[in-house]
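Asks: how would this look folded up:
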Amino acid sequence: MGIAEQAMPQADEATRRFQARRLQQILWVLLVAVSVIALQNLWVGVWHTVALLLATDGALLLALRCARRGQVEYASLLMLWTLTVLLTLIIWVGQGLRDSGVIGFPGILVFAAMLGNRRQLVALLGFMLTSFGLLALVNLQGWYVNPRPPVRLGTFIDMACILAVIGFSAWLMAADLHRALARLAAENLRVRQSQEQIAFLAHHDALTGLPNRVLARDRCEHAIVYAAREQGAVALLFLDLDNFKTINDSLGHVAGDAVLQQVARRLEQAVGGSDSVCRQSGDEFLIILDHAGDSDAVAATVSQLLAALVKPIHLNEMDVTVTCSLGIAQYPQDGADFDTLLKHADTAMYRAKDDGRNAFRFFDAQMNSSVAEHLQLISGMRVALQQNQFVLYYQPQFELASGRLVGVEALLRWLHPQQGLITPTTFIPLAEKSGLIIEIGTWVLQEACRQAVQWQQAGLPPLLMSVNLSPVQVRRAGIEQVVLDALADSGLAADQLELELTESMLIDDSDGLTQLLGRLRERGVGIAIDDFGTGYSNLGYLKRFAVERLKIDQSFIRNLSEDGDNEVIVRAIIQMAHSLKLMTVAEGIEDAATLARLSELGCDRGQGFHWAPALPAAAFQRFAEQYRGARALPA
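Replies: Here you go, the predicted structure:
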């Protein structure tokens, strides 16, 4: 049952209780009035009138009892007809149409209007008119003529009692009417306020009070119409707060809401009076510059916005610094309608994020073509997953001291039917942004483990299979199960799988990541740090995590012999790793001189074009078999 359906019976019950209370009040007043009139008639010895009045008191007491039981309709019907019959009889036996009882009939009609229904009111009125008509007829024809006794004290008492009852009833009715009108006025006010609130929320954001996207569209379109007429310019700014999710997750949503409210106020203060600040959604804001001027003027306004936001926000006894990425689209050069400008401003905003955040970028056509290309690649990756267009290439790893083939790194490639081989640097960043890296990464793990087992079944010795993990994969729940499923489905031993992580993933350390890597190490899975030396290298996270190997980035390995600085860095990394009982793997070894120097520095393993590039699975198997034969490696 809905709220409205529940409220209706409750309202009806309250109305019945109110009517019962009013009816009891009127019945008590009537009982007092009829009793006073009865005593007056008893005093003067009008016995037949006394008998009628006592009978009336009995009927009114019965009606009062019914009213107390909640039988409002029956009680009001009994009261009205009792009074009507009583007054009719008194008039007939009294002074007729000149009798004081006549003034009681309007009071009965008032009661009927208050307590009865239309049918009762019509019936009573018809009965009264009929009685008056008959009484007038018999008097006019002389069949029966009512006497005209002189006015006495009893006449005054009768009329006073009747008028008192009618006056009291009229007062009750007027009071009820005033209360009803007051409630109606209050309800009308609430309805108007609700309508105003609904109209406001339809075009404004509830949290910040700023115009929402609906109103932003309307204002932007009006600004475009005006600019077209006056040959002016309009700028649409798309602003997105940097790392707002971190604030929400660390300080809570209440603090996040407070930050959004502060940002909204600062943006409003930073723009001109004719410009509009709107909240798009979440931590995204739209700013419409009506009289934008040229690009330099827009850039000046945007600089003011960035400066206003960068000031610390005092929150929960701490200062929070907020930055933003902002994209700009201008009318008429970037679009002639709101939707086009919004799309282009959004594109420019993402370019600002890609360029390091806390910056702004103007839209240009090259951005648009780049976005179209990215969307095409993302769509193509979905198809590639379905049609098995992804393949793994494998680059061998060697032990430098003995020259043995000891491992292999799985490297993802996309074999596009039209574009040919697409390198990971082209599509991996897009896969991470779109979330497709989760499915792709799962496939890579499963395929690499399966291939390792297949090589062993073909006669190759067990090789350590290294697989790169994306930060997006690690942050998502379930990566541990993905690794375990890949091992279980393929039958590969856990100690023959190594997961390569970037330094940035460990810098953003959390208890969850520490525990995850610890559990994987307990099962035998190896952990390596990829591209070591290019990030914020330090000993802290190497001690915290169960890392086994450091892969020295190839930027330090190339030209090692000619660049003394690179050699210093490589020597330091190798010495630090050995002091921590970690192995080192050098990437990008391209010649014998570099190999010899790394061996002298104590590097443990290496990979690179000196031995072989990354090879398809079948080509790698042939390479491994030939290499083993040439080195006479034991099977």
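Asks: the stretch 501-635 of the chain: strands as residue ranges?
Replies: Ranges of strands in the stretch 501-635 of the chain, per DSSP state E, counting those that start in this stretch, are 526-532, 549-552, 583-587, 605-607, 615-616.
Asks: got any ranges where the stretch 301-450 of the chain has weak pLDDT?
Replies: Flagging of the stretch 301-450 of the chain using pLDDT under 70 yields the residue ranges 365-372, 375.
Asks: please enumerate the helices of it.
Replies: Secondary structure of the stretch 301-450 of the chain, counting by DSSP state H, counting those that start in this stretch: helices at 338-354, 365-386, 424-434, 437-457.
Asks: output the longest strand belonging to the chain.
Replies: Counting by DSSP state E, the longest strand found in the chain is strand 405-416.
Asks: what angle sits between it and strand 583-587?
Replies: On the basis of axes from the mean of the first three to the mean of the last three C-alpha atoms, to 10 degrees, strand 405-416 is oriented at 40 degrees to strand 583-587.
Asks: C-alpha coordinates for strand 405-416, CSV please?
Replies: As requested, C-alpha coordinates have been extracted for strand 405-416 and formatted as CSV (Å, rounded to 0.1, in the frame of the first residue of the first chain):
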residue,chain,number,x,y,z
LEU,A,405,68.6,-19.4,-21.3
VAL,A,406,66.7,-19.2,-18.0
GLY,A,407,63.5,-17.2,-18.6
VAL,A,408,61.3,-15.4,-21.0
GLU,A,409,59.2,-12.2,-20.9
ALA,A,410,55.7,-12.3,-22.5
LEU,A,411,55.0,-9.1,-24.5
LEU,A,412,51.6,-8.3,-25.9
ARG,A,413,51.1,-7.5,-29.5
TRP,A,414,47.9,-6.7,-31.5
LEU,A,415,47.8,-8.2,-35.0
HIS,A,416,45.2,-6.0,-36.6
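Asks: neighbouring strands of it in the sheet, and parallel or not?
Replies: Strands that pair with strand 405-416, judged by DSSP bridges, come out as strand 390-399 (antiparallel), strand 420-422 (antiparallel), strand 464-468 (parallel).
Asks: quick check: which of those strands is buried the most?
Replies: Mean neighbour count (mean count of other C-beta atoms under 10 Å) peaks for strand 464-468 among the strands paired with strand 405-416, with a mean of 22. All C-beta atoms are positioned from the backbone trio N, CA, C, and that covers glycine.
Asks: and the next helix or strand past that strand?
Replies: Scanning forward in sequence from strand 464-468 by DSSP states H and E, the next helix or strand is helix 471-475.
Asks: neighbours of Ala20, how many?
Replies: 20 (other C-beta atoms under 10 Å).
Asks: for it, give me its contacts.
Replies: With contacts defined as C-beta atoms under 8 Å, 6 or more residues apart in numbering, the neighbours of Ala20 are 67-68, 70, 72, 75.
Asks: same question for Lys353.
Replies: When the contact criterion is C-beta under 8 Å, 6+ apart, the partners of Lys353 are 240, 242, 325.
Asks: check Leu342 too.
Replies: 236, 238, 286, 329.
Asks: top of the residues you listed by number of neighbours, please.
Replies: Counting neighbours by other C-beta under 10 Å, the one among the contacts of Leu342 with the most is Leu236, which has 29 neighbours.
Asks: can you classify that residue by secondary structure?
Replies: At Leu236, secondary structure determined by DSSP: H, G, I helix; E, B strand; the rest coil is strand.
Asks: now swap in Trp171 and tell me
Replies: Secondary structure state of Trp171, per three-state DSSP, is helix.
Asks: ok, now the one 4 residues further on?
Replies: Classification of Ala175 by three-state DSSP places it in helix.
Asks: distance-wise, check it relative to Leu181.
Replies: Computed with C-beta to C-beta, to the nearest Å, the distance linking Ala175 and Leu181 is 11 Å.
Asks: likewise for Pro471?
Replies: Looking at Pro471 against Leu181, where the rule is C-beta to C-beta, the gap reads 68 Å.
Asks: comparing those two, which shows the higher neighbour count?
Replies: Between Pro471 and Leu181, Pro471 has the larger neighbour count (other C-beta under 10 Å), namely 14 against 10.
Asks: let me see the domain layout of this structure.
Replies: 10-181, 213-363, 381-619 (automatic domain parsing).
Asks: and the second one, end to end?
Replies: Domain 213-363 has an end-to-end distance of 20 Å (criterion: C-alpha to C-alpha, to the nearest Å).
Asks: and if you look at the last one?
Replies: Here the two ends of domain 381-619 are set 25 Å apart, with distance taken as C-alpha to C-alpha.
Asks: can you tell me how far the residue located most distally from the centre of the chain sits from Trp47?
Replies: What lies farthest from the middle of the chain is Gly142; by C-alpha atoms, centre = their mean that is 88.7 Å. Using C-beta to C-beta, one obtains 28 Å as the distance from Gly142 to Trp47.
Asks: over to Leu580?
Replies: The value you get for Leu580 to Trp47, if C-beta to C-beta is used, is 124 Å.
Asks: and Gln395, by the same measure?
Replies: Using C-beta to C-beta, Gln395 is found at 128 Å from Trp47.
Asks: kindly report the same for Leu309.
Replies: Separation of Leu309 from Trp47 (C-beta to C-beta) stands at 98 Å.
Asks: now Phe285
Replies: According to C-beta to C-beta, Phe285 stands 93 Å off from Trp47.
Asks: just the C-alphas of whichever strand or helix holds Thr246, formatted as CSV.
Replies: Here Thr246, judged by DSSP H and E, is contained in helix 244-251. Taking C-alpha atoms only, helix 244-251 is exported to CSV below (Å, rounded to 0.1, in the frame of the first residue of the first chain):
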residue,chain,number,x,y,z
PHE,A,244,39.0,14.3,-6.3
LYS,A,245,38.3,10.6,-5.7
THR,A,246,41.3,10.6,-3.4
ILE,A,247,39.7,13.3,-1.2
ASN,A,248,36.4,11.5,-1.2
ASP,A,249,38.0,8.1,-0.3
SER,A,250,40.4,9.5,2.4
LEU,A,251,38.2,12.2,4.1
